[in-house]
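Enquirer: just to be clear, the model below is a prediction. Sequence and coordinates:
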Amino acid sequence: MKRSELRKVLEEWFDVERYEVIKKLTLQQFYVEVERRILAYNMLMRRDTLPPLSRLLLDDYRNKILRGEILFSGDTSTQGHGLS
């Protein structure tokens, strides 16, 4: 990934306005959300090596993040999550 592409992705990913909904989360829910986003980021770095279904799930997850959606499902563990 070129530096200019990386900058664009980071600016989208960390747009502060997209994170306003985080104020509604408990500390534990916030922790789970951050953990899941770290997992998604690590998977994005090796996206081309993932099976097609995993790529589709990852792309959907990424798009939800970029739209500012909180992905917390109510379960405070990341084990068994669709991306893990």
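Expert: Here it is on my side, so go on.
Enquirer: and the gap between the residue nearest to Arg37 when sequence neighbours are not counted and Met45?
Expert: Excluding the flanking residues, the one nearest Arg37 by Cβ to Cβ, 6 or more residues apart in numbering is Ile65, at 6.5 Å. To be clear about C-beta, it is placed using only N, CA and C from the backbone, and glycine gets the same treatment. For Ile65, the distance to Met45 (Cβ to Cβ, to the nearest Å) stands at 15 Å.
Enquirer: which other helices and strands does whichever helix or strand the residue nearest to Arg37 is part of contact?
Expert: Assigned by DSSP states H and E, Ile65 falls within helix 52-66. Applying 3 or more Cβ pairs under 8 Å, 6 or more residues apart in numbering; DSSP states H and E, we find helix 52-66 packed against helix 3-13, helix 27-44.
Enquirer: would you single out the least confident of these?
Expert: Mean pLDDT is lowest for helix 3-13 out of the helices and strands packed on helix 52-66, coming in at a mean of 80.
Enquirer: understood, closing this out.
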